[in-house]
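[1] Fold the following and give me the result.
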Amino acid sequence: MSSRSNVKRPDSSVRDRKLEPLYAQLKKVDQEVTAVRKQIDEMQVGEGSQESKQKLHEQLKEIIRAQSDLKGKRQQIHDRIKQLDAQIKRKTGEVAERVGRKSAYSSGEEIRERLAQIDEEISSGGLSLVEEKLRVKEMQALNKLAKDLQQVEPVKRSIEEDRAAIAELKAKLNSLNPKEVSAQFESTQAKLNQLQSKNQVVYDQRSRLFTKRSALYSKRDEIFAQIKKIRGDFDNEFKAYKKKLDDDRIKREEEERISRVLEDKEEKMGKLQEKLIHAHKPAFAYEISAIETALFSLDPTFVKPATNTIDFPGSQPAKPIKKVEADDLVPIVKKREEFFPSSAVSKNKKKQASAAAAAAGNGKFSLEPTLIVVLADLDVSVPMTKDDVPATVDQLKAKYEDFLARQDEQTSKNVAEAEAALDKLELEYKAKEDQVRKELEEKRAKDQAAKEASASQ
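    Numbering: from 1, shown residues only. Just a heads-up that it's a prediction; the model follows:
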């Protein structure tokens, strides 16, 4: 069963049956919303009341602006008073630092009176020498203090001016009384509250209608959410269905492509496996078997070595061809011919076989036709007479020994070549399979990127 048969297409009729009652509910809710909206539109506050309310709001705004301006001006005056007070403290400190904080004289007039008093005391002559020196020293200190007071006199005048400015600002601050503006605000607010209380009944009714409309909106949103979920679930199922179909199709295409590579590989591997099986058979099996058959026929003393017995699937013990009769050279004619597997015989070998057959026909010498073919196949001289047989036997034995000596080496070489061919083929098809899988992976990534780009638009 294919994978596609396991994928069930979403049933749109099931979706529609779920949506049908929701659409009916939605229609009913929309009708109720329309009715509530109509009631809200009909239930309005009178235009005159609205105009009065608007005027009172404008008056409140003006009063608030006036309060804000008044507050700003009073704040400016307070800031100026603080500034002048700070200046007075600073200037007073400067004067005290210049004339001394503990000085008993604060004006030039007081200093002059004291200087006159000291001068009288000295002039009277009633002072002792020590007292007179003290009075002179005091006069010097008073003169210096008088000079200092004269220098700080402008600062003192500035202090008096600052104090006068503070008094003036405080008087101005008292004139900016916020109580009147506050009274206007309270009066206007009371009128506005009275007007709003008259309209509160209408507002309450409209509020109840707004609440009802909000509840209907919420109910409608819930129905929309259910509809959206049902549609979304169906769409997701349909997308999953389509994705499954696409994935199955892509998977089949990928499997078919890889399968073609593997089938081609298996076909070629099978042929090479056959070659490997054949390579494990002893080398020169045909040549050795053919030589043994010929030696059995030409050399009665030949004994097949036990260790060189050739055994492989499909092989049969070689049947000896009838030996040449040394005493009797009469040609022997036989109807049955034994089969010897043979490769293609060259023209030269065919000529040798034809010549030997012709000689046998003339009564000179007799050989089996199949033996003649074997000798020609082995590139061994075909004996034309009895005297030629020993030379032929020697050639056969020389080739026999040569084939036996090289048999194991050639067999190993054949096996190694066959295994190398298998390994090479395995590597080639491993690379092909990896390349195909890489191309398929790149194609999947490209298709996925295209789908994501399409979905984001």
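[2] By residue count, what's the longest helix in the chain?
    helix 179-280 (DSSP state H).
[3] Give the next helix or strand downstream of it.
    Downstream of helix 179-280, the first helix or strand assigned by DSSP states H and E is helix 285-298.
[4] Show me what that next one is packed against.
    Packing partners of helix 285-298 (3 or more Cβ pairs under 8 Å, 6 or more residues apart in numbering; DSSP states H and E): helix 369-377, helix 389-456. The C-beta positions use only the backbone N, C-alpha and C, and glycine is treated the same way.
[5] Which one of those helices lies nearest to Q39?
    Each of the helices and strands packed on helix 285-298 was scored for nearness to Q39 using Cβ to Cβ, and the closest is helix 389-456 (45.3 Å).
[6] now the closest one, how far from the chain's geometric center?
    In terms of Cα atoms, centre = their mean, to the nearest Å, the centre of helix 389-456 is set 42 Å apart from its chain centre.
[7] What lies in contact with stretch 268-283?
    288, 310, 312-313, 403, 406-408, 410-411, 413-415, 417-419, 421-422, 425-426 (Cβ atoms under 8 Å, 6 or more residues apart in numbering).
[8] what's near enough to touch T92?
    Neighbour list for T92: I159 [criterion: Cβ under 8 Å, 6+ apart].
[9] Check which helix or strand it maps to.
    Per DSSP H and E, T92 falls inside helix 47-99.
[10] lowest-pLDDT helix or strand in the protein?
    Every helix and strand of the chain was ranked by mean pLDDT, DSSP states H and E. The lowest is helix 347-361, at a mean of 45.
[11] coming back round to it: pick the most buried one from the helices and strands packed on helix 285-298.
    Among the helices and strands packed on helix 285-298, helix 369-377 has the highest mean neighbour count (mean count of other Cβ atoms under 10 Å), at a mean of 22.
[12] pull the CA atoms of that one into CSV?
    Extracted in CSV, the C-alpha atoms of helix 369-377 (Å, rounded to 0.1, in the frame of the first residue of the first chain):
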residue,chain,number,x,y,z
PRO,A,369,39.6,-35.1,-34.7
THR,A,370,38.8,-33.6,-31.2
LEU,A,371,42.4,-34.3,-30.1
ILE,A,372,43.7,-32.6,-33.2
VAL,A,373,41.5,-29.5,-32.3
VAL,A,374,42.9,-29.6,-28.7
LEU,A,375,46.5,-29.7,-29.9
ALA,A,376,45.8,-26.9,-32.3
ASP,A,377,44.2,-24.9,-29.5
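[13] what's the angle between it and helix 389-456?
    70 degrees (axes from the mean of the first three to the mean of the last three Cα atoms, to 10 degrees).
[14] Could I get the average pLDDT for helix 369-377?
    Per-residue pLDDT over helix 369-377 has a mean of 89.
[15] so what secondary structure elements neighbour it?
    If you count contacts as 3+ Cβ pairs under 8 Å, 6+ apart, helix 369-377 packs onto helix 285-298, helix 347-361.
[16] just to revisit the earlier point, next helix or strand past the helix holding T92?
    Next in sequence after helix 47-99, counting helices and strands by DSSP H and E, comes helix 108-124.
[17] Distance from the chain centre to that next one, please.
    On Cα atoms, centre = their mean, the centre of helix 108-124 falls 104 Å from that of its chain.
[18] and if you look at stretch 70-80?
    For stretch 70-80, the distance to the chain centre is 64 Å (Cα atoms, centre = their mean).
[19] Can you mark which positions in that stretch are buried?
    L70, I77 (16 or more other Cβ atoms under 10 Å).
[20] Provide a list of residue ranges in the stretch 151-300 of the chain with pLDDT below threshold.
    Along the stretch 151-300 of the chain, the model assigns pLDDT under 70 to residues 151-152.
[21] and with 90 instead?
    151-207, 239-240, 242-281, 283-286, 289, 293-294, 296-300 (pLDDT under 90).
[22] Got the domain ranges for the protein?
    Taking the TED database as the reference, the chain has its domains at 45-176, 281-302+367-456.
[23] just how off-centre is the first one within its chain?
    Translated: domain 45-176. Distance of domain 45-176 from the chain centroid (Cα atoms, centre = their mean) equals 78 Å.
[24] Stretch 219-233 too?
    32 Å.
[25] residues in contact with that stretch?
    R15, K18, L19, L22, Y23, Q25, L26, V29, D30, V33.
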